[in-house]
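Trainee: need a 3D model of the following:
(2 chains)
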There are 2 protein chains.
Amino acid sequence: MSSPHFLDIFFYPTSVAVVGASREPMSVNYRLVDNLVKLGFKGNIFPVNPNADEIVGLKAYASLRDIGAEVDLVVSAVPARMTLDVMKECVDKRVGGVVVVSGGFSDAGELGGKEQSEMARLLKENGIRAVGPNALSPINSENNLVISFLPARKIIAGGVSLVFQSGFYDPRLNWIFCDFHLGVNKLLDLGNKMDINEVDALEYLAGDDSTKAIAIHIETVKGDGKRFVQILKDTTRVKPVVVLKSGRSVAGAKAAASHTGSVARESDIVFDALLKQCGAIRAHTVEEFFDFAKAVGFLAPPRGNGIVIASLSGGEGVIAIDAAQQHGFSLAKPGSNAYAKMKAVFPPWEIPLNSFDLGVCAQFHGWRGLYDVLFESMIGDAGVDCMVVGLPPLGMMFDPETACKPFLLGKDARIPVAVWRLAPDKSLDAFIEALESNNVPVYPSAERAIKALSVVYRYHNWRRAAG
Amino acid sequence: MSSPHFLDIFFYPTSVAVVGASREPMSVNYRLVDNLVKLGFKGNIFPVNPNADEIVGLKAYASLRDIGAEVDLVVSAVPARMTLDVMKECVDKRVGGVVVVSGGFSDAGELGGKEQSEMARLLKENGIRAVGPNALSPINSENNLVISFLPARKIIAGGVSLVFQSGFYDPRLNWIFCDFHLGVNKLLDLGNKMDINEVDALEYLAGDDSTKAIAIHIETVKGDGKRFVQILKDTTRVKPVVVLKSGRSVAGAKAAASHTGSVARESDIVFDALLKQCGAIRAHTVEEFFDFAKAVGFLAPPRGNGIVIASLSGGEGVIAIDAAQQHGFSLAKPGSNAYAKMKAVFPPWEIPLNSFDLGVCAQFHGWRGLYDVLFESMIGDAGVDCMVVGLPPLGMMFDPETACKPFLLGKDARIPVAVWRLAPDKSLDAFIEALESNNVPVYPSAERAIKALSVVYRYHNWRRAAG
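Mentor: This is a model prediction of the structure:
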């Protein structure tokens, strides 16, 4: 960490108290504690529930006041109308920071809004910073701090930090880590943003050395707009920032206002122009948000726009070429040496040409060793800046480690390689996991692989130009 | 069928001979026969291989001439340089039609092109129609006729017929049927189109009563362009046609020319305008191609653009509203009766509002019966034209049949319902399969569900206007 920041206590608490912890294994408030225990949070866990002696094998406390030790972070998950009392206890206990998980405040009409203001005022007067309400936060893979309503299966550490304005990521948590294989460094859900907002989050993650890339979902800018732009500008000069802005439409903005009590102030066109000017990467859909986050988290910058495409069929190659051209790539022209090496796996009547049709090669030469020849001939060729490669849905012929090897040549040479698979295929799961744990991203289509790769290219191009 | 057509023999042969059938279970030429046997093709199967007595338990023949019975369809999968001899045998045997699976013709340089012309001339002189070369065809779910290089697991019958200009669908075959649950009526891969082309295919499927919707992938129009436009126009007045055009870019068109030996004649802008004018639905990516095919295959036309959105979180609701507005929907305004019914599942402090946040309801009311209340209150309301609904990744609480029931209310009332799931979740697989076998499509994101639904709406709107 560079210098102390008020968000430190949210990501690196030595103790967490969960107020409203439940004994009922099917309830979401049970899981708040259970996840910390099962995933091995490196710190003390204090469940608070006046009607329980023990929760998930831990001693339960009747109130925060009954905890003998200091409490760094309080996660409050009691009903909205009881939350203010918990906040008063937080003040008495002089806790380090508070996350209010419960909704029912500015997201739920006038009364809720009033209560939220009262709560915010109380905490501010007493110098306690707060996330939420209506926020499931935080996650930190460095110390296995995971606040989630889902039974979280595992956490994969990585360089991407995520910020959300809504818990919409939570039902996807196991997917993010276990299926999508996105290595996450930190995750913050901001909810109604009564105190800590997107500006704070961005500022913190910009200065966080273990965060290599940031992906942020926002509906509204609640902090100082000018400061947001300035911090965004400063951040993109050192690390990529992917932004998913929802509440773009008139009806969407109205809904955003009602569910978190925030108001969108800028029109979408203005916002779009701002993002471009700041060098931020805009995602237009949830799929793009995750696709782009993976790309900027995994891939080295291509040094130019010369792309090699290796598809499983000629038809798929044409589709990939269209996408490459649409997204600013040109077909790389590898040297004669590289072509000569490829010739060995092509049938005699075919002339190897970028894009390469691996389907034709496989019929002639078989799959074994095909990817070795492809990567050995292309990586290191001066004309090749990046590659996209299709995977056959044929199950694995080798163990995942061996199968991965040729794909990693690109990584060693800092030539980014993105992969696409033709269809979900359980027999490829272990191989895909091995690729992604080595930062080779696998996408569900050639078009998505190429679009994601183009985002990395354009970002680094912008950064080079911005100096 | 309306009236006899020369493509009938390709989809309804009483006998199929596979020339070049292999005894080697790992080879693609073994699977050509194995799929017909395993999937139970309703007709005679004659493997032809001079070096085998038996293939997949069937008597093998040294040549077509040795088959005592009549042969309706020949599937030729011998190497390119041996194919002309097989065609001569086809002529001698007076077979009904020929599919040339092998590549290495106009897709592979001058010599191959010459051989293709010679082959085409021979067949034409003798009145034998041909698909390919370089084509894996056909599939017909009515009689389990499946020509594929993959071990095909099963065939689901349905109303969508597919046309491809390249075998790029083949590695996806099991995905299409078993994971994507697209009910397919007929499938034709056209390959190099030395004889039968996209105009023939479209004309045939337009007149085919069991084909309710058509999805066609083309790189080039090889038939009469004016006739293609006229048939497309005529077809869209009776059934929806989704078109994926690849070879859109200059480099892509060049690659398309080299891999099938066809030349793209129109610019992409002209082509786009043509499709619009004809009322065809353009897919811009492979994912859209399949998403749209499923939508037009499964969904009844919405009578208007009033949409109800039910999401799992407020944040996801905002994202869905943005997408709905972008794709031409407006938020439906259900009547007070419908709202009153919904009120029962919302916490007292929340006012139910379209989009509906089911996450809030679930916390208050639980998941059980939630979808019943949603559909019972919305379907039948005069303000509701269509719905998109999110699925929780929580595993199934009920058996799939019971869980499906409320979703089918829409189908009965001809109010189209599209569903999205938040993340792939194996515990939901049986439920999703049950939904899709009942023509309720499930998409991987709200945005994709809404975009696909909008395509159905716009198509039927166009058709009403076109009269």
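
Trainee: CA atoms for contacts and neighbours, from now on please.
Mentor: Noted.

Trainee: for the residue nearest to A:D170 when sequence neighbours are not counted, the count of nearby residues, please.
Mentor: Excluding its sequence neighbours, the residue lying closest to A:D170 (C-alpha to C-alpha, 6 or more residues apart in numbering or on different chains) is A:S148, at 6.6 Å. Applying other C-alpha atoms under 10 Å in any protein chain shown, we find 25 residues neighbouring A:S148.

Trainee: for the closest residue to A:K222 other than its chain neighbours, what are its contacts?
Mentor: Counting by C-alpha to C-alpha, 6+ apart, the nearest residue to A:K222 once its immediate chain neighbours are dropped is A:N197, at 6.5 Å. A:N197 sits next to A:131, A:190, A:222-223 when contact means C-alpha atoms under 8 Å, 6 or more residues apart in numbering or on different chains.

Trainee: now do the same contact list for A:A293.
Mentor: Contacts of A:A293 (C-alpha under 8 Å, 6+ apart): A:160, A:213-215, A:242.

Trainee: any idea what it is structurally, helix, strand or coil?
Mentor: helix (DSSP: H, G, I helix; E, B strand; the rest coil).

Trainee: if I look at it, how far off is A:A283?
Mentor: 9 Å (C-alpha to C-alpha, to the nearest Å).

Trainee: just A:V360 next, same as before
Mentor: Counting by C-alpha to C-alpha - A:V360 and A:A283 are separated by 36 Å.

Trainee: next, count neighbours for the residue lying closest to A:A108 once chain neighbours are set aside.
Mentor: Nearest residue to A:A108, sequence neighbours excluded (C-alpha to C-alpha, 6+ apart): B:E350, at 6.0 Å. B:E350: 16 surrounding residues under other C-alpha under 10 Å.

Trainee: you'd agree B:E350 is up against A:S106?
Mentor: No: contact criterion C-alpha atoms under 8 Å: B:E350 and A:S106 do not qualify, at 11.4 Å.

Trainee: contacting residues for A:D170?
Mentor: So A:D170 contacts A:136, A:148-150 (C-alpha under 8 Å, 6+ apart).

Trainee: was I right to think A:V56 contacts A:D34?
Mentor: Yes: A:V56 sits in contact with A:D34 when judged by C-alpha under 8 Å, with a separation of 6.1 Å.

Trainee: say whether chain B is contacted by the lengthiest helix in chain A.
Mentor: Longest helix in chain A by number of residues (criterion: DSSP state H): helix A:446-466. Yes: Helix A:446-466 is in contact with chain B by C-alpha under 8 Å from any C-alpha of the partner chain, via A:E447.

Trainee: ok, residues contacting that helix?
Mentor: A:236-237, A:240, A:279-281, A:288, A:291-292, A:295-296, A:299-305, A:316, A:319-320, A:323-324, A:327-329, A:388, A:390, A:418-421, A:442-443, B:285-286.

Trainee: the same query, at a cut-off of 6 Å, please.
Mentor: A:292, A:295-296, A:301-302, A:320, A:323, A:418, A:420, A:443 (C-alpha atoms under 6 Å, 6 or more residues apart in numbering or on different chains).

Trainee: please parse chain A into its domains.
Mentor: A:8-295, A:300-466 (automatic domain parsing).

Trainee: and the residue nearest in space to the middle of chain A, backbone torsions?
Mentor: In chain A, the C-alpha nearest the mean C-alpha coordinate belongs to A:L162, at 4.7 Å (C-alpha atoms, centre = their mean). Main-chain torsions, A:L162, degrees, to the nearest 10: phi -120, psi 140.

Trainee: give me the neighbour count for A:G467.
Mentor: Neighbour tally, A:G467, other C-alpha under 10 Å: 7.

Trainee: who are the contact partners of it?
Mentor: So A:G467 contacts nothing (C-alpha under 6 Å, 6+ apart).

Trainee: next: A:I156.
Mentor: A:177, A:183.

Trainee: and chain A, which residues reach chain B?
Mentor: A:108, A:166, A:168, A:172, A:246-249, A:252, A:255-256, A:259, A:313-316, A:318-319, A:321-322, A:350, A:423 (C-alpha under 6 Å from any C-alpha of the partner chain).

Trainee: among the contacts of A:A293, which ones are in strands?
Mentor: A:160, A:213-215, A:242 (DSSP state E).

Trainee: from the stretch 1-150 of chain A, which residue is nearest to chain B?
Mentor: A:A108 (6.0 Å; C-alpha to the nearest C-alpha).

Trainee: any idea how many residues pack against the residue nearest to A:K294 when sequence neighbours are not counted?
Mentor: Spatially, and ignoring its direct neighbours in sequence, A:K294 is nearest to A:L182 (6.2 Å; C-alpha to C-alpha, 6+ apart). A total of 27 residues lie near A:L182 under the criterion other C-alpha under 10 Å.

Trainee: and A:R227, by the same measure?
Mentor: A:R227 has 13 nearby residues by other C-alpha under 10 Å.

Trainee: so the residue lying closest to it once chain neighbours are set aside: helix, strand or coil?
Mentor: Distances taken as C-alpha to C-alpha, 6+ apart place A:V199 nearest to A:R227, at 7.2 Å, with adjacent residues excluded. In the three-state summary, A:V199 is assigned as helix, counting by three-state DSSP.

Trainee: quick one: A:V199 from chain B, how far?
Mentor: A:V199 is 19 Å from chain B, where distance means C-alpha to the nearest C-alpha, to the nearest Å.

Trainee: quick check: A:A21 touching A:S27?
Mentor: No: look at A:A21 against A:S27 with C-alpha atoms under 6 Å: they stay out of range, at 9.4 Å.

Trainee: part of a helix, is A:T220?
Mentor: No: A:T220 is assigned coil when assessed by three-state DSSP, not a helix.

Trainee: burial check on A:G68, number of neighbours?
Mentor: Counted with other C-alpha under 10 Å, the neighbours of A:G68 add up to 8.

Trainee: how near is it to A:L84?
Mentor: Counting by C-alpha to C-alpha, the gap from A:G68 to A:L84 is 22 Å.

Trainee: list the contacts of A:G183.
Mentor: So A:G183 contacts A:156-158 (C-alpha under 6 Å, 6+ apart).

Trainee: all helices of the stretch 1-150 of chain A, in order?
Mentor: A:8-11, A:28-38, A:80-93, A:109-125 (DSSP state H, counting those that start in this stretch).

Trainee: quick check on A:N143: phi, psi?
Mentor: phi -130, psi 20.

Trainee: list the beta-bridge partners for A:E54.
Mentor: Beta-bridge partners for A:E54, by DSSP bridges, are A:K59.

Trainee: go ahead and confirm it touches A:Y61.
Mentor: No: in this structure, A:E54 is not within contact of A:Y61 by C-alpha under 6 Å, at 8.3 Å.

Trainee: the inter-axis angle of the lowest-mean-pLDDT helix or strand in chain A versus helix A:109-125?
Mentor: The helix or strand of chain A with the poorest confidence is helix A:250-260; it has a mean of 77 (mean pLDDT, DSSP states H and E). On the basis of axes from the mean of the first three to the mean of the last three C-alpha atoms, to 10 degrees, helix A:250-260 is oriented at 60 degrees to helix A:109-125.
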